[in-house]
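S.K.: Build me a model from this:
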Amino acid sequence: MSAAPVLAPAPASWRARLRRRPFTHHNRLLAAVLLANLVLALVTDWRADLDVLLWLVLGNLLLAVLIRQQHVINLLFRLATSAPKHWPLRVRWTLGKVYHFGGLHVGAAIAGTAWFAVLAGVITTRGGPVALLACTWAIAVLLVAMVVFALPKLRAARHDLFERCHRFGGWALLVLFTAQAAALAQAQGRDFLGSAPFWALLVVVTSVALPWLRLRRVPVRISTPSRHVALVAFDYGVTPFAGSSTAVSRNPLLEWHSFANVPAPGRSGFRLTISRAGDWTGALVDDRPTHLWVKGIPTAGVGNIDRLFRGVVWVATGSGIGPCLPHLLAGDTPARLVWSTRNPVRTYGEALVAEIESVQPEAIIWDTDRDGKPDLVELALRAHRESGAEAVICISNRKTTWHVVESLEAQGIPAYGAIWDS
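M.R.: Residues are numbered from 1 along each chain as shown. I've put the predicted structure just below:
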């Protein structure tokens, strides 16, 4: 296949520029949470009332935890994607940004940490039992550490450390918050059990515990069409919905990796398409373990938003075909595929490529070994124009995804892709 002429991008309007970094929907939600906290700082009497200050901490931390809960995420997607297709495209375009909910998590975590620093200062100034002061400052140190390790550059460079800090630090915080709330209630002559902090902590503990209550070690069948990719098949009584993901691990206390589920219509179980992209994935391709750990429930991801539109162009590179495939197989939303990968048959196997071509006979499958690197924006524009689709969903690496999404949105086309916020 030869490359088509590259279309010059249209000049970006001020609205289009406001969709680009750093003005993404994620960052706007983050800013909204911080602004709401600033307003509360101005209108509430937190300086004189310790209970108000405590609720500002608890409210933010509740939001930070619950917005990441799998059941809450699925509910958010269900509500956002229930909009009828006859609604104006601009409204559905905005609803499709539901997967930017991580901005609420980040904003609430930052605000909650800031409010807790104020609370720690007030408690220290007023004095109190040694146990209360010790718990308070231990919490403050842990909260600051979690915020620091979540900074984008540090998180990307030391992701395993970030993950373990959040997991073990989060568990330690639950214990310390409980101890602090109990000590604070005792110092104020109140009953902790049945108090507002008790119920708030109970909600948080339940939210954190729910995925772990479904922890299990399950059998898997792994085939490796090439040294670049592993096709992992599961059939342990769960058939997830298209557009969902599953977290898997070889050591559940140390690290988890989420991948898009690929269920097939009329068949139980599902598959994962995993490319060699680091030590963990490389070891999986080489070792082909017989069992993996899973936890929680299938959780909605960016692909779910296809139901908002009358037609979608899926743009994928490499194993990004995995998240696209269940939607192509289901056929619930008219679709056109653009897939760029190194020799597709040799890399992913003849069976998988044939399965794709059977449901997408008009797909643009670009062999980078044969034809070089394509202009994905131009290919997406061509597929969008020819198919009459309303939106484009890109599943690729960070740099390519952002380039495709921002270029298309600058031309007034709703475009979506992962934002790597977790």
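S.K.: where do the strands sit along the stretch 201-350 of the chain?
M.R.: Remark: strands assigned in the stretch 201-350 of the chain by DSSP state E, counting those that start in this stretch are 216-226, 229-234, 244-251, 255-260, 270-275, 291-294, 299-300, 312-317, 335-341.
S.K.: Can I get those in JSON lines including distance to Gln70?
M.R.: The C-beta positions use only the backbone N, C-alpha and C, and glycine is treated the same way. Listed next are those as JSON lines, based on distance: least, CB to CB, whole Å:
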{"stretch": "strand 216-226", "distance to Gln70": "15"}
{"stretch": "strand 229-234", "distance to Gln70": "17"}
{"stretch": "strand 244-251", "distance to Gln70": "9"}
{"stretch": "strand 255-260", "distance to Gln70": "11"}
{"stretch": "strand 270-275", "distance to Gln70": "16"}
{"stretch": "strand 291-294", "distance to Gln70": "12"}
{"stretch": "strand 299-300", "distance to Gln70": "5"}
{"stretch": "strand 312-317", "distance to Gln70": "24"}
{"stretch": "strand 335-341", "distance to Gln70": "26"}
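S.K.: For Thr125, find the nearest of those.
M.R.: strand 255-260 (40.9 Å; CB to CB).
S.K.: circling back: any chance of the strands of the stretch 201-350 of the chain in CSV with distance to Trp171, mean neighbour count and mean pLDDT as columns?
M.R.: Formatted as CSV, the strands of the stretch 201-350 of the chain follow (distance: least, CB to CB, whole Å; neighbours: other CB atoms under 10 Å; pLDDT from 0 to 100):
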stretch, distance to Trp171, mean neighbour count, mean pLDDT
strand 216-226, 20, 15, 94
strand 229-234, 27, 21, 93
strand 244-251, 16, 19, 94
strand 255-260, 15, 19, 90
strand 270-275, 27, 23, 92
strand 291-294, 17, 17, 96
strand 299-300, 21, 24, 94
strand 312-317, 37, 27, 96
strand 335-341, 40, 24, 95
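S.K.: Kindly state which of those is positioned closest to Val65.
M.R.: Closest among the strands of the stretch 201-350 of the chain, using CB to CB: strand 299-300, at 15.3 Å.
S.K.: Was I right to think Ala119 contacts Leu53?
M.R.: Heads up, residue 119 is Leu, not Ala. Yes. If you go by CB atoms under 8 Å, Leu119 and Leu53 touch, sitting 5.1 Å apart.
S.K.: Which helix or which strand is home to the residue nearest to Ile419 when sequence neighbours are not counted?
M.R.: Ranked by CB to CB, 6 or more residues apart in numbering and with sequence neighbours excluded, the top spatial neighbour of Ile419 is His26, at 5.6 Å. His26 belongs to helix 25-43 when assigned by DSSP states H and E.
S.K.: Tell me where the model's unsure across the stretch 1-150 of the chain.
M.R.: 1-22 (pLDDT under 70).
S.K.: As a check, name the ranges of all helices in it.
M.R.: Using DSSP state H, counting those that start in this stretch, the helices of the stretch 1-150 of the chain run over 14-17, 25-43, 50-66, 70-80, 89-95, 102-126, 130-149.
S.K.: what's the last one packed up against?
M.R.: Using 3 or more CB pairs under 8 Å, 6 or more residues apart in numbering; DSSP states H and E as the contact criterion, the neighbours of helix 130-149 among helices and strands are helix 102-126, helix 159-187.
S.K.: which residues are contacting it?
M.R.: Identification of contacts with helix 130-149 by CB atoms under 8 Å, 6 or more residues apart in numbering yields 109-110, 112-113, 116-117, 119-120, 123-124, 154-155, 158, 161-162, 165-166, 169-170, 172-173, 176-177, 179-180, 183-184, 187.
S.K.: List the buried residues of it.
M.R.: The neighbour-count check on helix 130-149 (16 or more other CB atoms under 10 Å) flags Leu132, Leu133, Cys135, Thr136, Ala138, Ile139, Ala140, Leu142, Leu143, Met146, Phe149 as buried.
S.K.: Over to the second one?
M.R.: Using 16+ other CB under 10 Å as the burial criterion, the residues of helix 25-43 that qualify are His25, His26, Asn27, Arg28, Leu29, Leu30, Val33, Leu34, Asn37, Leu40.
S.K.: any idea how far the third one lies from Ser407?
M.R.: Translated: Asn27. 19 Å (CB to CB, to the nearest Å).
S.K.: what does the fifth one give?
M.R.: When distance is defined by CB to CB, Leu29 is 23 Å away from Ser407.
S.K.: next one: the last one
M.R.: For Leu40, the distance to Ser407 equals 39 Å [CB to CB].
S.K.: before we move on, what about the fourth one?
M.R.: Between Arg28 and Ser407 the distance is 20 Å, computed by CB to CB.
S.K.: What of the first one?
M.R.: If you measure His25 against Ser407 using CB to CB, the figure is 17 Å.
S.K.: and what of Thr341?
M.R.: 20 Å.
S.K.: who touches Ala111 in this structure?
M.R.: By CB under 8 Å, 6+ apart, Ala111 lies in contact with Val33, Leu34, Asn37, Asn60.
S.K.: just for the stretch 301-422 of the chain, where's the confidence low?
M.R.: If you take pLDDT under 70 as the line, the stretch 301-422 of the chain has these spans: 422.
S.K.: All the helices of it, residue numbers only.
M.R.: Under DSSP H, counting those that start in this stretch, the stretch 301-422 of the chain gives helices at 321-330, 344-348, 350-359, 368-371, 376-387, 398-410.
S.K.: most packed of these?
M.R.: helix 321-330 (a mean of 24; mean count of other CB atoms under 10 Å).
S.K.: got the angle between that helix and strand 312-317?
M.R.: If you take axes from the mean of the first three to the mean of the last three CA atoms, to 10 degrees, helix 321-330 sits at 150 degrees to strand 312-317.
S.K.: can you list contacts of helix 321-330?
M.R.: For helix 321-330, contacts defined as CB under 8 Å, 6+ apart pick out 242-243, 245, 259-265, 271-274, 301-303, 306, 312, 314, 316, 333, 335, 337, 339, 341, 348, 355-356, 359-360, 393, 395.
S.K.: Same question for stretch 179-191.
M.R.: Residues outside stretch 179-191 that contact it (CB under 8 Å, 6+ apart): 54, 123, 128-129, 131-132, 135-136, 139, 192, 195, 197-198, 201.
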